[in-house]
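Novice: A predicted structure for the sequence below; I have some questions about it.
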Amino acid sequence: MSRRTLLLLTVAVVVLGCGVVLVRNGLGPPPSPPGPAPSADASTPIDRRLVRLIDDLVGDLADAAPGGAPSGCFRCDAGPALALASAAAVTRDRGRRDRAVAVFDEMIRSYQRKSGAFGPDHGSSDIDTMFFAAELGIAAVVLDDDLDPHHRQTWSASVARAADFLVANGNLAWYTNGNINVGNALVMALAARLTGEPTYTVRYDQAIRFAIEPPRQRWPGLGLTVTREPTRADGSDGKGFFAEASTRGRAGYDPEYTMLQLDQLTRIFLVNNDPRVLRAMNLLANQLLDRVDTTTWLLDTSGGTRGRRERQPVPLDSAGLIALVELGGRADLRHYIGDQLTAIESHFRQKAPELGDRMKYALGMTCSSILMSLPTNARMR
């Protein structure tokens, strides 16, 4: 077995198991013993539900891992590690933290290139870079002072190098798709937050402005489309979406990818409280709710520009609504939150023990954003 193959197997076992370490095969040290479980008054009922969900799904992924085979989507495999980091931040549990740290350390070593890009050794990997740097950056934010100084510096520098690659690659001035351009802005926001360097604040402003309104002569019909003009500054009575283009050249509304746009915007807002982002979150959330069955919390994705007309509904597992209620002043949405949380938990458990790539990435993105949104977890953002 080559060193490369052994490394990939090691990463896959650690990521899919988020801490399942095969000591008998010499693939790593055992995890640190867990710290004390949180007391009943140390966390909210939502905290406890999500931590239990994360622990159960991470365990299921470990049991289902087919001999440690890589999944083919390393950035998706980072999702369970981010979920575990979020559970560690809530519980202040050293065992969960150390397992999450081990995954991200291994992935940085295995996948970050000299250019700062993340991904396999071929291609530009700009999309891989954006999605993985977002996971790493959010993990660094939620763990914060639970990380030792070495890891805070190393992870911050890694996210900054990824941001530098995206800038050098021209991604801040090229409209790929709504979710990608908003994701690029997220990486810049994270680099600014983690390093404190003003350069990344400038780059973030460039990226979010471009995502919202790219030059119309070059990018007609792209950027943020407002379908109902709001009368309120925060956009809470309007509707809109970021354009997603298909391989057939048609650009417009794709509900499933609009949900991903809302996810990425939510993470930006949790990191920097940008009112422009809050406005966009409100527009997208209202647009999506027109297509959501609030008894099942399934989103009708038919007719989207990125998918087939007959595509099946998908769970609305975005944390955007919860963030808007808890941090964005949307009291009118509060009556949805209990049912949506129950549906999110149910949808994840129904997919266990074998989550697909989308659900693995969503596990980290959704759980971390919900936990960060809760007023009691202000230290996580």
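Specialist: On my side now, so go ahead.

Novice: Report all helices and strands that the one helix or strand Ala78 maps to contacts.
Specialist: Using DSSP states H and E, Ala78 sits within helix 74-91. With contacts taken as 3 or more C-beta pairs under 8 Å, 6 or more residues apart in numbering; DSSP states H and E, helix 74-91 sits against helix 3-17, helix 45-64, helix 94-111, helix 126-143, helix 357-373. For the C-beta atoms, the positions are set from N, CA and C on the backbone; glycine is no exception.

Novice: mind listing what's buried in the third one?
Specialist: Across helix 94-111, burial judged by 16 or more other C-beta atoms under 10 Å covers 94-104, 106-108, 111.

Novice: what's the closest of the helices and strands packed on helix 74-91 to Ala191?
Specialist: Comparison of the helices and strands packed on helix 74-91 against Ala191 by C-beta to C-beta identifies helix 126-143 as nearest, at 7.4 Å.

Novice: And the average pLDDT for the helix holding Ala78 is what?
Specialist: The pLDDT scores in helix 74-91 average 95.

Novice: same thing with stretch 245-257?
Specialist: For stretch 245-257, the mean pLDDT works out to 83.

Novice: With stretch 127-135 instead?
Specialist: Stretch 127-135 carries an average pLDDT of 97.

Novice: ok, residues contacting it?
Specialist: Contacting residues not belonging to stretch 127-135 are listed as 74-75, 78-79, 81-82, 104, 107, 111, 116-120, 158-159, 162-163, 165-166, 171, 176, 180, 183-184, 186-187, 190, 264, 267, 361, 364-365 [C-beta atoms under 8 Å, 6 or more residues apart in numbering].

Novice: same deal with stretch 143-150?
Specialist: Ala85, Ala88, Ala89, Arg92, Arg97, Ala100, Val101, Ala140, Arg152, Trp155, Arg379, Met380.

Novice: Most neighbours among these, please name it.
Specialist: Using other C-beta atoms under 10 Å as the neighbour criterion, Ala85 leads the contacts of stretch 143-150 with 33 neighbours.

Novice: so that residue makes contact with Ser368?
Specialist: Yes: assessed by C-beta atoms under 8 Å, Ala85 is found in contact with Ser368 at 7.4 Å.

Novice: pLDDT value on Asp63, please?
Specialist: pLDDT at Asp63 comes out at 67.

Novice: Okay, buried residues for stretch 285-301 please.
Specialist: Ala285, Asn286, Gln287, Leu288, Arg291, Val292, Trp297, Leu298, Leu299, Asp300, Thr301.

Novice: ok, back up a step: what is in contact with Ala85 and Ser368 at once?
Specialist: Ala139, Val142.

Novice: pLDDT below threshold where in the stretch 101-250 of the chain?
Specialist: 121-124, 246-249 (pLDDT under 70).

Novice: just to revisit the earlier point, ok, the contacts of stretch 143-150 vs Leu327, which is closest?
Specialist: Nearest member of these to Leu327, counting by C-beta to C-beta, is Met380, at 12.2 Å.

Novice: which residues touch that closest one?
Specialist: So Met380 contacts Ser86, Ala89, Val90, Val141, Val142, Asp144, Leu371, Met372 (C-beta under 8 Å, 6+ apart).

Novice: residues in contact with the residue nearest to the third one when sequence neighbours are not counted?
Specialist: Leaving aside its sequence neighbours, Val90 sits nearest to Asp47 (C-beta to C-beta, 6 or more residues apart in numbering; 5.0 Å). Listed by C-beta under 8 Å, 6+ apart, the contact partners of Asp47 are Pro38, Val90, Leu371, Leu374, Thr376, Asn377.

Novice: To Asp332, which of the helices and strands packed on helix 74-91 lies closest?
Specialist: Between these, helix 357-373 lies closest to Asp332; by C-beta to C-beta that is 16.6 Å.

Novice: Of all the residues in that closest one, which ones are buried?
Specialist: Neighbour counts over helix 357-373 (16+ other C-beta under 10 Å) mark 358-373 as buried.

Novice: Is the nearest residue to Trp297 once chain neighbours are set aside within a helix or a strand, and which one?
Specialist: Distance criterion C-beta to C-beta, 6+ apart; nearest residue to Trp297, sequence neighbours excluded, is Ala343 at 3.5 Å. Using DSSP H and E, Ala343 sits within helix 334-351.

Novice: now for that helix, which elements pack on it?
Specialist: Partner elements for helix 334-351 (3+ C-beta pairs under 8 Å, 6+ apart): helix 45-64, strand 314-315, helix 320-327, helix 357-373.

Novice: any chance of these in CSV, plus distance to Arg228?
Specialist: Output for the helices and strands packed on helix 334-351, formatted as CSV (distance: least, C-beta to C-beta, whole Å):
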stretch, distance to Arg228
helix 45-64, 31
strand 314-315, 24
helix 320-327, 17
helix 357-373, 25
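
Novice: who wins for proximity to Thr231 among the ones you listed?
Specialist: In terms of C-beta to C-beta, the element of the helices and strands packed on helix 334-351 nearest to Thr231 is helix 320-327, at 17.5 Å.

Novice: thinking again about what came up before, any chance of the contacts of stretch 143-150 in CSV, with distance to Glu229 too?
Specialist: Shown next, in CSV, are the contacts of stretch 143-150 (distance: C-beta to C-beta, whole Å):
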residue, distance to Glu229
Ala85, 40
Ala88, 43
Ala89, 39
Arg92, 46
Arg97, 46
Ala100, 43
Val101, 46
Ala140, 38
Arg152, 43
Trp155, 41
Arg379, 38
Met380, 35
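
Novice: buried subset of the contacts of Asp47?
Specialist: Buried among the contacts of Asp47 (16+ other C-beta under 10 Å): Pro38, Val90, Leu371, Leu374, Asn377.

Novice: If anything else comes up later, I'll come back, but that's it for now.
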